[in-house]
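Quick one, what's the 3D model for this:
(chains A and B)
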Amino acid sequence: MTKYWRSIEEFKDPVLFQNTEIKLEVNAKRELMQQQSGSSRRDFLKTFGFSVAAAAVVASCSKPVNKAIPFLIKPEEITPGQANYYASSYFEGNEYCSILVKVRDGRPIKVEGNNLSPVSQQGTSARVQASILNLYDDARFKTPLKRGEPTNWQEVDGYITNKLGQLKRENKKVVLLTSTIISPSTKSVINRFLTENPNAEWLQYDAVSASGILKANQLSFGKAFVPDYRFEKAKVIVSFGADFLGTWLSNVEYTKGYSEGRKLLGAGDQMSRHYQFESGMTITGSNADVRIPVKPSEEGVLVASLYNEILKSKGLATFQVPASSVDLSGLVADLLENEGKSLVVSGSNDVNIQLIVNGINNLLGNFGNTVLTAKTLNTHQGIDAEFETLISEIKNKTVAGLLCWGVNPVYNHPAGQEIKQAVEGLELSVSFAERIDETAAACHWVCPAPNYLEAWDDAEPKTGSYSLAQPAISKLFDSRQVQESLLKWGGLEAPDFYTTVRNYWIESLFSQQTEFTDGKLFWNHSLQRGTFESAILKEAELNYTQSGLSDAIIQIKPSSDGWEIVLYESVALSNGNAGNNPWLHELPDPVAKVSWDNFASVPVKWAGENGIQNESVITVNGIELPVVVQPGQAAGTISVALGYGREIAGKVGEGVGKNMFPLSTIENGTRKFWLSGAQVQKTSKTYQLAISQTHHSMEGRPIVRETSFNEWKLNPAAGNELKEVHEKNKVTLYPEMEFKGHHWGMAVDLSSCTGCSNCSVSCQAENNIPVIGREQVRNRRIMHWIRIDRYYSNHAENPEVFHQPVMCQHCDNAPCENVCPVSATPHSDEGLNQIAYNRCVGTKYCINNCPYKVRRFNWFKYVNNDEFDFASNSELGRLVLNPDVTIRSRGVQRIQEKKTEAKVAGRKIEDGEVQPACVQSCPASALVFGDMNNPESKISKYLKNERNYHLLEELHTLPSVGYLVKVRNKKA
Amino acid sequence: MYNSAVRGRLIEGDKSLGQISHEILAPVHAKTPGWWYFALLTALGMLGFGAFAIYITLSEGLGAWGINNSVAWGWDIINFVWWIGIGHAGTAFSIFLLILRQKWRTAINRAAEAMTVVAVLAASLFPLLHMGRPWLFFYIFPYPNTRGPLWVNFNSPLFWDFMAISAYLLISASFWYFGMLPDFATIRDTAKSKIKKAVYGIMAFGWTGSSREWLRFEGLSFVLGGIAAVLVVSVHSIVSTDFAVSVEVGWHTTIFPPYFVVGAIFSGFAMVLTLVVIMRGLYKMNDFITDSHIDAVCRVLIFISLIMATAYLTEIFVAWYSGSPYEIYMFFQNRIFGDYAFQFWAMFVSNALVPQLFWFKKMRRNIWVVFIVSIIINIGMWFERYNIIVTSLSRDYLPSSWVSYSPTWVEVGFFVGTIGLFITGILLFFRFIPMIAISELKSVAKFDKPRNEFKHAKHE
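Have a look, this model is predicted:
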């Protein structure tokens, strides 16, 4: 073998050479390299290793560790991720609803209607829906207060018990001032308190009371009560200024009855005719078949003339009454044709008017038929005159102590400022307010009551109809039920109020039923159902007497003097008791479509003549108000909503709008919510209103299709002729999608929908819809997934009004889905239009391409942003969020998505089992949801109805939402 | 001598080839003039304002703009389409005039192409920032991912749009850049400073001017030109599908693709005109960009303007003929006689009527008239996009959703910023890149001289 060598050394001893020379050579090279590069391989590894470790440490440190601790012992009824429903009762601001409270992981997050209640019949109102947010209000009292400073219950109890004892010894008068109490258990507690303190007196005060009706019925029936109006039984409904679909007395119940009496689905269905006399356009007026705009001062004359006309027609002796400006002959004919099947109501607080209305109902034989006197509505018991007496007693120091519960006279009484000063001068003043308000601020002591969702209670909204309220969460703050406080201060060592309620039910109500033989079982059963109907109807129909009627008619005088201002309760805020609720503030007025303010609704003609436009500012008796030019506003009148202008309410409600309560007056012992001879002046100012709909005409487009009852009777497809044309022209190149399992659909009966906006708020609660505030609503960025479009037709002076809820139509050929570049919005195999929020990049193309314009976009970050300081800017406010619905970040779109969680348990879903939030609590039963693939389902029947059409069906978007033609029962 | 009977000489002033190089390269080699700094500072100011507007947009959200639940596209998409339209001129010039063997293009095509690249860059900012979550823009790429089989939506015009624009930007930028290689080499060879030599040397990719290089250069130009020719038509057709594919009133119309392409070329040519008039004025390039060049562009504008007018009238006719109450409302009650009459008539007068002035030679020869008309066309084309986007969205099917839209200062600022970007780009182009394609121009110069003069020139 050839041997190669490099040097003599290697040639001589290759092994040694290898060990020394080559090593040296390599070392030299390595050193050279190291010198050149400045760092070695080792250095590199060291640096690299350190960097990676450091990066890993830094990266892992920045994430806070959140621990989720599972239940050690799982409560039997709680399954994480699954909601529990507890039956309860809502009674605030004189509004009653039996409800189910949806509780997720210990948090109440939604209010639903209780279908077992014969009163509210599964319906709710927007105010009831929004009440869940009041629980998580930052403005709630966290502790008892002593002159504005936090204190504790020991101190409170010590002082007040002492003070009450002292006043009792000195026999100085103490008044317990409450709003209407419909809870029998609470009444028993109050009675015990009163017995214990003979110097104490109990007074009920309602800001907007039914004093007129109560006093009139005192004369007519010998008992002060509100009767049970049965709108479903009436074939002719006449309302003089009563907004019974919006805010009047028991509006949810009335809406149920009203829509029941007007449901047209099959041949033979009947429809009532509704006449409405009113000044401003209320939702009730907007649904009327015949609406007659009148001044409030004309109401008395009208009612008296109607009475007279009926007398005349019946050949009875008539009275001498001033002539009315309206021809009532058609109405009289209608009424006489439907004797015993008609209903006349008046929203007036004037005893005389109510007496005449009683006379009319009596003449028409409505008592015992549509107006039941055996059952009474108990939600309005306050008598205005009594409170007036109290004010003078406080002022002249006859009263030494005042306990205020659920009342806010400093805000909602015309003499509010005087009351404030008087209360401040009292020896003892206690407020049981739940959150800050004007009256609580004037009281020395604040003993916060828990929210109704944290408390035990019961209710008897109507004679014999009972319901229970139970806590759905333990108390968030250091509050105590008022009943417990009263018992404690009365020196009555009683157990908690729960025991009181339970004992009351077992002792008093148990005997009114036969189903259960054990009191405990009865209690559990009732608690679960939430309601209880007494099996023994205790009272009989009362006998009507004409006492006071002729005097009343004589006292009717037409007196009109310049501008007449009508003060009304708005659908959203009612009398302002939930003045810090951002959902209600953001809810557009169903007619004017304005949110975040009250405003002066002025007549169209006057505005045109005087160069007044929307957002002009006028002064009404010195109060500056922005103007909304309101079609249908009676000439010479201006309507302004009550419930705004709270001075102390919390961060959301303070300073929103103007307080109109100071303009109300006391006349003949009742509060009067209109005034004449008002000073109205133009100003050069303007004010930016949050108007969410600015165009009011359908421009002749077939958006809301309508017909009359007479035409419908002849042809059930009347008004819907276009549908056939579009069906005939329906051509497509593509195969239509097939839905093998479910195919969800919804129908909206435009005839039933009153525009009450319950669905908007319900949806807001269900879907974590953020509140965006006045400026952004004005910028037309409202987030509501269901909006209610409102259109006018015919004369601007007295238009016909259309309400149309528009939500995602879940088109099977959806324009929005096709155009999304990132496929963030696909169609489900059950026909739902879905959004993958995380996938959305926010091109907004879907918004543009949605012909219904129901796509919503998060223009800002609405959660945890000081710019949007409403409910979602605090930990407390966010507790209301529904964990089933993702919170959308900035720049993400959403649709109205129906929840389909109910399809569990491996069985077929029954029709009506899946109910979206909006459908569940619709008081007018105008919304129907279900599976279109099930031919027996209610939705299939609705969609097959001749009245059904799809919105913009000519576009071939194949919506899953159907609309039923609006029918009005116009006089032929 | 090559002297077309129709058109006069393509280069005035009996220039030798050396002279041509020298004169065109003068701005690159000369000291930067004072006005240039002033203009750049102004442009950068605008750009800075735009950057601030973008910062506000990003930090606050799209709510900082005036768009809303009904009009979800506003100035952002108007300006996007406007810039993209302007960005059409370069390629249209190079390709269409190349195909039509219009030699006169050589004096203008470099500037036109530069304008294209800057305009498309400016345009591309809008689709990016009109997103609610621009940081997720990459979702629009069809890239393999771990999010399940999650793919882009190939049905969406916005996706086509994205593809078309990125392809267009890539191709037009390459076409422009590779076309400049010989000129960069010329600068490198004539530059005196070492740095300049080095920089332009790198930019010239080591161009030596060998026959083989010229051969490949021509080959590449052909390939890129061929692709670009298709893109010129496709890009704006696809942009138009953003609207045409939708169901919106006034958008859902089949005339849109050709109408948009023509409109884009129209606005592009108008912007080229604006630019070359400025160029002539500032750099005394009258010998290269002659009156007859301006004249030719003006004639083209008359022709396109007539097409535009036809398109407008066709659109109106079809709206009426369709019998659709929505379409009829949109065109007659909303655009022509309604709330948006000003925008409609601004569009119609600027684009269809004003360019008719160019029928008169006197007008075509008056540089001020030409300049002002070109600006009017640019504004008119902006109104065309306003007309399409805002009027349709603000008055569509359901009157309950009707809104009025006006931009906030942030949107305006963003637009001003892109104008700043455009001017900055153009100023840099003026200063550092030969404004006229020297090598291509020389090809025209050869024929432009009488034989004897040519000979004579050789001795210079």
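
A:Pro198 contacts A:Leu167, doesn't it?
No - with contact defined as Cβ atoms under 8 Å, A:Pro198 and A:Leu167 do not form a contacting pair (11.0 Å). C-beta here means a position set from N, CA and C on the backbone, and glycine is covered the same way.

So for the two, which residue has more residues nearby?
Using other Cβ atoms under 10 Å in any protein chain shown as the criterion, A:Pro198 and A:Leu167 rank with A:Leu167 on top: 20 against 9.

which residues touch A:Pro770?
For A:Pro770, the set of contacting residues under the criterion of Cβ atoms under 8 Å, 6 or more residues apart in numbering or on different chains consists of A:Met783, A:Asn858, A:Tyr862, A:Val863, A:Phe868, A:Phe870, A:Ser872.

Skip ahead from the one helix or strand in chain A whose mean pLDDT sits lowest and say which helix or strand is next.
Per-element confidence for chain A was summarised using mean pLDDT, DSSP states H and E. The lowest value among helices and strands belongs to strand A:893-894, with a mean of 43. Past strand A:893-894, heading to the C-terminal end, the next element that is a helix or strand (DSSP states H and E) is helix A:917-920.

so what strands line up beside the helix or strand following that next one?
Per DSSP H and E, helix A:917-920 leads on to strand A:927-931 as the next helix or strand towards the C-terminus. Each strand pairing with strand A:927-931, determined using DSSP bridges, is listed with its direction: strand A:744-749 (antiparallel).

May I see the buried residues of the partner strand?
Residues A:Trp744, A:Gly745, A:Met746, A:Ala747, A:Val748, A:Asp749 are the ones in strand A:744-749 that count as buried (16 or more other Cβ atoms under 10 Å in any protein chain shown).

And the fourth one, how close does it get to A:Lys970?
Shown here: A:Ala747 relative to A:Lys970, a distance of 24 Å by Cβ to Cβ, to the nearest Å.

on that earlier part again, now, which of the buried residues of strand A:744-749 sits nearest chain B?
A:Val748 (14.3 Å; Cβ to the nearest Cβ).

In the sheet, which residues pair with the closest residue to that closest one other than its chain neighbours? Tell me.
Computed as Cβ to Cβ, 6 or more residues apart in numbering or on different chains, the closest residue to A:Val748 that is not its neighbour in sequence is A:Tyr963, at 5.1 Å. For A:Tyr963, the beta-bridge partners under DSSP bridges are A:Val748, A:Tyr949.

Same check on the one 4 residues further on?
As for beta bridges, A:Val967 partners with A:Thr707 under DSSP bridges.

For it, which residues are in contact?
When contacts are counted by Cβ under 8 Å, 6+ apart, A:Val967 touches A:Arg262, A:Leu264, A:Met271, A:Glu706, A:Thr707, A:Ser708, A:Phe709, A:Trp712, A:Gly719, A:Ser751, A:Arg947.

can you list the residues of the stretch 801-950 of chain A near chain B?
Proximity of the stretch 801-950 of chain A to chain B, by Cβ under 8 Å from any Cβ of the partner chain, involves residues A:804, A:806, A:815, A:818-823, A:839-845, A:847-849, A:851-853, A:855-861, A:889-893.

distance of the residue nearest to A:Val748 from A:Thr180?
When distance is defined by Cβ to Cβ, A:Tyr963 is 39 Å away from A:Thr180.

what's the answer for B:Ile171, then?
In this view, B:Ile171 and A:Thr180 are 78 Å apart by Cβ to Cβ.

who does the helix or strand encompassing A:Tyr568 touch, helix- and strand-wise?
A:Tyr568 is part of strand A:563-569 when elements are defined by DSSP H and E. Taking 3 or more Cβ pairs under 8 Å, 6 or more residues apart in numbering or on different chains; DSSP states H and E as the contact definition, the neighbouring helices and strands of strand A:563-569 are strand A:637-642, strand A:674-678.

Extract the C-alpha trace of it and format it as PDB.
Output of strand A:563-569 as PDB, limited to C-alpha atoms (Å, rounded to 0.1, in the frame of the first residue of the first chain):
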ATOM      1  CA  TRP A 563    -101.600  75.800  24.100                       C
ATOM      2  CA  GLU A 564    -102.500  72.600  25.900                       C
ATOM      3  CA  ILE A 565     -99.600  70.500  27.100                       C
ATOM      4  CA  VAL A 566    -100.100  66.800  27.600                       C
ATOM      5  CA  LEU A 567     -97.700  64.900  30.000                       C
ATOM      6  CA  TYR A 568     -97.600  61.200  29.300                       C
ATOM      7  CA  GLU A 569     -95.600  58.200  30.500                       C
END
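
Just the angle for it relative to strand A:637-642, thanks.
Compare the direction of strand A:563-569 with that of strand A:637-642 by axes from the mean of the first three to the mean of the last three Cα atoms, to 10 degrees and you get 30 degrees.

which residues are in contact with strand A:563-569?
Contacting residues not belonging to strand A:563-569 are listed as A:208, A:243, A:246-247, A:279-280, A:282, A:295-297, A:575, A:620-621, A:636-643, A:660-661, A:663-664, A:673-680 [Cβ under 8 Å, 6+ apart].

Drop anything exposed from these.
Neighbour counting over those (16+ other Cβ under 10 Å) leaves A:208, A:243, A:246-247, A:279-280, A:282, A:295-297, A:575, A:620, A:636-643, A:660-661, A:663-664, A:673-676, A:678, A:680 as the buried ones.

picking up where we left off before, which among the contacts of A:Val967 gets closest to B:Ile195?
Comparing the contacts of A:Val967 against B:Ile195 with Cβ to Cβ places A:Glu706 closest, at 80.3 Å.

ok, that closest one to B:Ala119 distance?
A:Glu706 sits 52 Å away from B:Ala119, taking Cβ to Cβ as the criterion.

And for A:Phe44?
Distance, A:Phe44 to B:Ala119, by Cβ to Cβ: 47 Å.

which one of the two has more residues nearby?
Applying other Cβ under 10 Å to A:Phe44 and B:Ala119 shows that B:Ala119 carries more neighbours, namely 28 against 11.

if I look at that one, how far off is B:Ala346?
22 Å.

Same check on A:Glu493?
84 Å.

More neighbours: these two, which one.
B:Ala346 (19 against 7).

Now do the same for that one: helix, strand or coil?
Look at B:Ala346: counting by DSSP: H, G, I helix; E, B strand; the rest coil, its state is helix.

give me the element B:Ile20 is part of.
Mapping B:Ile20 onto the secondary structure by DSSP H and E places it in helix B:17-29.

Just give me how far that helix sits from the chain centre.
Using Cα atoms, centre = their mean, to the nearest Å, the mean C-alpha position of helix B:17-29 is found 26 Å from that of the whole chain.

Taking helix B:17-29 as reference, get the angle to the helix or strand that it is followed by.
The first helix or strand that comes after helix B:17-29 along the chain, using DSSP H and E, is helix B:34-60. In this structure, helix B:34-60 runs at an angle of 50 degrees to helix B:17-29, with the same axes, to 10 degrees as the basis.

What pLDDT is listed against A:His784?
Confidence at A:His784, expressed as pLDDT, is 93.

The closest residue to it other than its chain neighbours: neighbour count?
Taking Cβ to Cβ, 6+ apart as the measure, A:His784 lies nearest to A:Ser760, with 4.9 Å between them; neighbours along the chain are not counted. Burial of A:Ser760 is recorded as 26 neighbouring residues (other Cβ under 10 Å).

Spit out the contact partners of A:Ser760.
Contacts of A:Ser760 (Cβ under 8 Å, 6+ apart): A:Ala126, A:Leu587, A:His784, A:Ile786, A:Arg787, A:Ile788, A:Cys918.

wait, which of those is closest to B:Lys196?
Distance to B:Lys196 across the contacts of A:Ser760 (Cβ to Cβ) is lowest for A:His784, with 63.9 Å.

Enumerate every residue touching the closest residue to chain B within the stretch 501-650 of chain A.
Using Cβ to the nearest Cβ, the closest approach of the stretch 501-650 of chain A to chain B is made by A:Lys593 at 8.8 Å. By Cβ under 8 Å, 6+ apart, A:Lys593 lies in contact with A:Ile691, A:Ser692, A:Gln693, A:Arg790.
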